[in-house]
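Enquirer: following is a predicted model, sequence given first.
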Amino acid sequence: MEQILAQGPVRGRRVLEVGAGSGRDSVALASEGAVAFILDYSMASLETARRVAGRHGAAPILVRADALRLPFRDGAFDVIFHQGLLEHFRDPMPLLRENVRALKGEGLLLVDVPQRWHLYTALKHAMIATGTWFAGWETEFTIGQLERLLRAAGVRVVSRYGAWMVPGLFYRSLRAALLKLKAARLPLDPPRIPLLSAVLGRWRGLWEGTPVAFATYFVIGALGRKDSGAGGGAG
């Protein structure tokens, strides 16, 4: 959400999260004064988002609908975002164009996806091939591909970002295997090792935002503004 908030205050702005997840980010934006909507096709996901919001004293507007046919007028939102959603669409353009349709002129669109060259991607495809992947069909993108898709949908990219997998894939896989075997329950975040953690943090800081980083991030994202000539109303 830092990327959205960096573009200016959201108080009074209409913000739509497509694909509920936990709804945590919509709750955070609501706490900043945004009028938050969460849309998902799954009632179970919306219930999860409702419970999370309730624990934080927030009340986002929950909408059960198809992400490809948003039940909103053209130009209805100041901000639309989704994280971990685009990679599930074999053709991403209908989703992005529908996002743009529902955005006001100069409205913000944020899209967050898995990064192509990560070791996680290889593991994921091996599991998809063997029928053991939990999330159905899924793809991934390079930052260049993601930016080209946004531009084709009518969005002017204004910033890009990424995040490494911390803790790393080895630790996460070990934790999951031990849990499955009921052999041990490792913490979600391992204890920090003072000197090593400091060195790794400094090392990551040196590479942050570079091409090397965008080729090794776990997830990447791009934020753009709707072009004035793109479809949808001006709100």
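Expert: Yep, it's here.
Enquirer: what average pLDDT does the strand with the most length in the chain get?
Expert: Longest strand of the chain, by residue count under DSSP state E: strand 103-114. Over the span of strand 103-114, the pLDDT mean works out to 96.
Enquirer: identify the residues contacting the helix or strand that contains residue 47?
Expert: Using DSSP states H and E, residue 47 maps to helix 43-55. For helix 43-55, the surrounding residues in contact (C-beta atoms under 8 Å, 6 or more residues apart in numbering) are 19-24, 26-27, 30, 38, 40, 59-60, 62, 64. Glycine gets a C-beta too; all of them are placed from N, C-alpha and C.
Enquirer: residues near residue 87, how many?
Expert: 18 (other C-beta atoms under 10 Å).
Enquirer: nope, residue 71 is what I was after
Expert: A total of 11 residues lie near residue 71 under the criterion other C-beta under 10 Å.
Enquirer: that one reaches residue 65, doesn't it?
Expert: Yes: if you go by C-beta atoms under 8 Å, residue 71 and residue 65 touch, sitting 4.9 Å apart.
Enquirer: name every strand pairing with the helix or strand following the helix holding residue 47 and say which way it goes.
Expert: Sequence-wise, the next helix or strand downstream of helix 43-55 (DSSP H and E) is strand 61-64. Sheet pairing of strand 61-64 (DSSP bridges) gives strand 35-40 (parallel).
Enquirer: can you pull the buried residues of the partner strand?
Expert: Using 16 or more other C-beta atoms under 10 Å as the test for burial, strand 35-40 gives 35, 36, 37, 38, 39, 40.
Enquirer: so who does the second one touch?
Expert: Under the criterion of C-beta under 8 Å, 6+ apart, the contact list for residue 36 reads 15, 17, 26, 27, 29, 30, 58, 60, 61.
Enquirer: endpoint to endpoint, stretch 179-194 covers what distance?
Expert: Chord length of stretch 179-194, first to last residue, is 26 Å (C-alpha to C-alpha, to the nearest Å).
Enquirer: may I see the buried residues of it?
Expert: In stretch 179-194, counting by 16+ other C-beta under 10 Å, buried: residue 186.
Enquirer: what does it contact?
Expert: For stretch 179-194, contacts defined as C-beta under 8 Å, 6+ apart pick out 167, 171, 174, 175, 178.
Enquirer: distance of the first one relative to residue 91?
Expert: Pointing back at residue 167 there. The spacing between residue 167 and residue 91, counted by C-beta to C-beta, to the nearest Å, is 34 Å.
Enquirer: between these two, point out the one with more neighbours.
Expert: Counted by other C-beta under 10 Å, residue 167 and residue 91 do not tie: residue 167 has more neighbours, with 14 against 7.
Enquirer: mind pulling the model confidence for the more buried one?
Expert: Checking the pLDDT column for residue 167, the value is 85.
Enquirer: can you pull the phi and psi angles for it?
Expert: Phi and psi for residue 167, reported as degrees, to the nearest 10, are phi -70, psi 160.
Enquirer: which SS class is the closest residue to it other than its chain neighbours?
Expert: In space, and not counting its chain neighbours, residue 167 is closest to residue 190: 5.6 Å by C-beta to C-beta, 6 or more residues apart in numbering. Classification of residue 190 using DSSP: H, G, I helix; E, B strand; the rest coil returns coil.
Enquirer: measure the most centrally placed residue in the chain to residue 229 for me?
Expert: Using C-alpha atoms, centre = their mean, the residue of the chain that lies closest to the mean C-alpha position is residue 83, 1.8 Å off. Remark: distance between residue 83 and residue 229 (C-beta to C-beta) = 27 Å.
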